[in-house]
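>>> Here is the input, now give the coordinates:
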Amino acid sequence: MPGEVYVDWNAIYTDNIGWIYRLMFAKVGNRPDAEDLTAEVFLAALRPLRTSASVPEVRAYLLATARTVLAAHWRRTLGREITTLDLEQMAAAVSDPDPASDISKATVQHAEALLAALPERYRRILQLRFLDSYSIREAAVELGISMANAKVLQHRALRLAAEVARGSSPDARERPE
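Numbering: from 1, shown residues only. I've put the predicted structure just below:
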C-alpha cells in the first residue's frame, strides 16, 4: 500500500530488521559482521529518517543506507570500496569465459597470474573460498586450521592480492626509503 506509514521507530525496526540482516549476511558471510553492520544501518538512519515517510520510502532509504554502510565496511577491511557483487555474471564467466562475455580470457588469465604470484597458503585459501565456494568453516577444515586462523589468512591473502594487482611489491612497504 503506497500510502501506508509506520507508527513509530519500533515499527520501522521490527518490520525491516530481518531483510537488512539477511542482506548484510549475504554480503559479508559471517554473523558478527552482519549483526554489526545491521546495527550501523539503523543507527545511521535513526536521525535523518522521517517516521512519517511511506513504507516504500523508508525501505528505499534503509537500502541506500545499507549500501553506504557496506561500502564503508569494505573500505575499512579491504582498503577498497565494494558495494555490489554480481554472482551470476561471475559464475557465467567462469563456466564460459569466451571473448564475448563480460569477463574475457585476458581477465581470467590475469586472475590466474595474480593467484600464481601469491604464496601457496594464500593462494589456497582464496581458491577454496572464492573459486570453490567453500564457507570459511569448510576452508578451515580443508586446510587443517582453526576458523579464526582461516579468517586471518583470507584477510592477509586479499590484502596481498590487492597489492600485487596494484603492482606494488609487498616487500617495498617494509623497506625504508
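
>>> Which helix or which strand is home to Leu126?
Under DSSP states H and E, the secondary-structure element containing Leu126 is helix 120-126.

>>> hmm, who's touching that helix?
Applying Cβ atoms under 8 Å, 6 or more residues apart in numbering, the contact partners of helix 120-126 are 115-116, 118, 139, 143, 150, 153-154, 156-158, 160-161. Placement of C-beta: from N, CA and C, glycine included.

>>> starting at the chain centroid, how far to that helix?
For helix 120-126, the distance between its averaged C-alpha position and the chain's averaged C-alpha position is 19 Å (Cα atoms, centre = their mean, to the nearest Å).

>>> Now do the buried residues in it.
By neighbour count on 16 or more other Cβ atoms under 10 Å, the buried set for helix 120-126 is Tyr122, Arg123, Arg124, Ile125, Leu126.

>>> lowest-confidence helix or strand of the protein?
Across the helices and strands of the chain, mean pLDDT, DSSP states H and E gives its lowest value to helix 87-95, namely a mean of 41.

>>> and the longest helix anywhere in the chain, what does it pack onto?
In the chain, taking DSSP state H as the definition, the longest helix is helix 55-78. The elements that helix 55-78 packs onto, with contact taken as 3 or more Cβ pairs under 8 Å, 6 or more residues apart in numbering; DSSP states H and E, are helix 9-28, helix 31-46, helix 147-166.

>>> thinking Leu70 is in contact with Asp33, fair?
No - with contacts defined as Cβ atoms under 8 Å, Leu70 does not count as touching Asp33, sitting 10.1 Å away.

>>> Isn't Thr68 up against Ala44?
Yes - Thr68 is in contact with Ala44 according to Cβ under 8 Å; the separation is 7.2 Å.

>>> sorry, back to before: tell me which of Leu70 and Asp33 has more neighbours.
In terms of neighbours (other Cβ atoms under 10 Å), Leu70 is the more surrounded of Leu70 and Asp33; the figures are 21 against 15.

>>> How much space separates that one from Thr14?
Computed with Cβ to Cβ, to the nearest Å, the distance linking Leu70 and Thr14 is 22 Å.
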